[in-house]
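> How does the following fold in three dimensions:
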Amino acid sequence: MVSDNIEETVDSSGESDIRPVKKSAPEEKPKAESGKRWYVVKVQSGREESIKEALEKRVKIDGLEEYFGQIHIPIEKVTEMRRGKRVSRERKLFPGYLMVEVEFNDPILYLFRETTGVGDFVGGTATNKLPTPMSEREIERMLRVKGDNVAPTVVSRPAFDAGDRIKVKDGTFAGMDGEVKEIMEALGRVKVELTIFGRPVPVELEYWQVEIV
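Okay, the predicted model is just below:
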């Protein structure tokens, strides 16, 4: 019997010639492309960290790791001058929102909807319209953490008021236009409405970060 790895040939004189046969390596199947994309999810403001932990815990319990990447809470590091002293702190860029890297499917949708404090995916509707993934530009902007921005001493009242159109001149949202929604004098901040993720989103900024247009 001749092995599958041996080839036997017979020449004109009737003598056989046995030699090993080189088998080609099996072709590797291409890896399936990951279906994970970055989305924005509305959550209860003030509970971003606890909701993030609850979602990560449920992913492990339900065994959905293959559909789940990570959850990110966009923050900004700011160093302020208060009474002549430098004070550093972290500030949420989007109170009430989380960035999530997931493969959008029924198990993931169910997990998010059944977690207390979680709202809808931004861009989705009650008619099961798929939410819009974040663009590469948005992802890069939101994952970048600004650090050690020195804010000047807070003034008592800015030169703009609710309803005014402003332009952001510094920080993550520099160059974006929006509308003033609220002056937060006690905190030295202003709440403005910017168009982010394709929809109006309220953002808190320092007075010095915006200018009237």
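
> Going by C-alpha atoms from here, please, whenever you check contacts or count neighbours.
Will do.

> Nearest residue to the middle of this protein?
The chain has residue 99 as the residue nearest its centroid, 3.6 Å off, counting by CA atoms, centre = their mean.

> I'd say that residue and residue 42 touch.
No. Residue 99 lies out of contact with residue 42 (CA atoms under 8 Å); the separation is 9.1 Å.

> sorry, back to before: show me what contacts the residue nearest to the centre of the chain?
Residue 99 is in contact with 38, 39, 40, 41, 71, 72, 73, 74, counting by CA atoms under 8 Å, 6 or more residues apart in numbering.

> May I have the strands that pair with the helix or strand hosting it, each with its orientation?
Element membership for residue 99, per DSSP states H and E: strand 97-102. Looking at strand 97-102 with DSSP bridges, its partner strands are strand 37-43 (antiparallel), strand 68-72 (antiparallel).

> CA atoms only for whichever helix or strand comes after the first one - export them in PDB, please.
Think strand 37-43. Using DSSP H and E, the helix or strand that follows strand 37-43 in sequence is helix 48-62. The C-alpha coordinates for helix 48-62 follow below in PDB (Å, rounded to 0.1, in the frame of the first residue of the first chain):
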ATOM      1  CA  GLU A  48     -22.600  57.500  34.900                       C
ATOM      2  CA  GLU A  49     -19.900  55.600  36.800                       C
ATOM      3  CA  SER A  50     -22.400  53.200  38.600                       C
ATOM      4  CA  ILE A  51     -24.200  52.500  35.400                       C
ATOM      5  CA  LYS A  52     -20.900  51.800  33.600                       C
ATOM      6  CA  GLU A  53     -20.000  49.300  36.400                       C
ATOM      7  CA  ALA A  54     -23.500  47.600  36.300                       C
ATOM      8  CA  LEU A  55     -23.300  47.200  32.500                       C
ATOM      9  CA  GLU A  56     -19.800  45.700  32.600                       C
ATOM     10  CA  LYS A  57     -20.900  43.300  35.400                       C
ATOM     11  CA  ARG A  58     -24.000  42.100  33.400                       C
ATOM     12  CA  VAL A  59     -21.900  41.600  30.300                       C
ATOM     13  CA  LYS A  60     -19.800  39.000  32.200                       C
ATOM     14  CA  ILE A  61     -22.800  37.400  33.900                       C
ATOM     15  CA  ASP A  62     -24.700  37.000  30.600                       C
END
